[in-house]
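Asker: For reference, the sequence and a predicted model appear below.
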Amino acid sequence: MDCLTACATCLDGVSCATCKTGTFLETGLCSNCDPNCLECTGTAVFCTSCDDTQSLYLDTGSNTCIACNTPKFKENGVCVNSCSKY
């Protein structure tokens, strides 16, 4: 039995059991996450991880991916004001 393109695994030929990265399960089908989200769940904008190539970090309060704008920068997945000393 063929699986739908966006499915990671299928229940049958017309329903997904799990979805590939960048998509989320919605009534048996996989829909695209918001472009800022690497992964999401429930809705396109409820991010569970962010696209690292865009210098975004996950705001765990709102589950959205937020840019870390100058003068702040991203460090260990969060936006910080200054560089930690090594």
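Answerer: Nice, thanks for sending it over. All figures in this text were calculated on a predicted structure; none of them were measured in a lab.

Asker: List the contacts of the nearest residue to Phe46 once chain neighbours are set aside.
Answerer: Nearest residue to Phe46 in three dimensions, chain neighbours excluded: Asn63, at 4.9 Å (C-beta to C-beta, 6 or more residues apart in numbering). For the C-beta atoms, the positions are set from N, CA and C on the backbone; glycine is no exception. The neighbours of Asn63, taking C-beta atoms under 8 Å, 6 or more residues apart in numbering as the test, are Val45, Phe46, Cys47, Thr48.

Asker: got it, and Val14?
Answerer: Contacts of Val14 (C-beta under 8 Å, 6+ apart): Leu4, Gly28.

Asker: would you say it is within a strand?
Answerer: No - judged by DSSP: H, G, I helix; E, B strand; the rest coil, Val14 forms no part of a strand; its state is coil.

Asker: those helices in the protein, which residues are they?
Answerer: Ranges of helices within the chain: none, based on DSSP state H.

Asker: Below-threshold pLDDT in it: ranges please.
Answerer: Along the chain, the model assigns pLDDT under 70 to residues 1-2, 69-78, 81-86.

Asker: Who wins on neighbours among the contacts of Asn63?
Answerer: Comparing those by number of neighbours (other C-beta atoms under 10 Å), Cys47 comes first, having 26 neighbours.

Asker: quick one: which of the contacts of Asn63 sit in strands?
Answerer: Cys47, Thr48 (DSSP state E).

Asker: And the contacts of Asn63, which is closest to Ala8?
Answerer: Thr48 (15.0 Å; C-beta to C-beta).

Asker: tell me the contacts of that closest one?
Answerer: Cys37, Glu39, Cys40, Thr41, Leu58, Asn63.

Asker: Generate the ChimeraX command that creates a selection of the buried members of those.
Answerer: Written as a ChimeraX command, the selection of buried residues from these, which uses 16 or more other C-beta atoms under 10 Å, is:
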select :37,39,40,58,63
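
Asker: from the contacts of Thr48, which is closest to Val80?
Answerer: Leu58 (14.3 Å).

Asker: mind checking how far the residue nearest to that closest one when sequence neighbours are not counted is from Leu29?
Answerer: Counting by C-beta to C-beta, 6+ apart, Leu58 lies nearest to Cys50, which is 5.1 Å off, once chain neighbours are set aside. The gap separating Cys50 from Leu29 is 24 Å, by C-beta to C-beta, to the nearest Å.

Asker: Great, nothing more from me.
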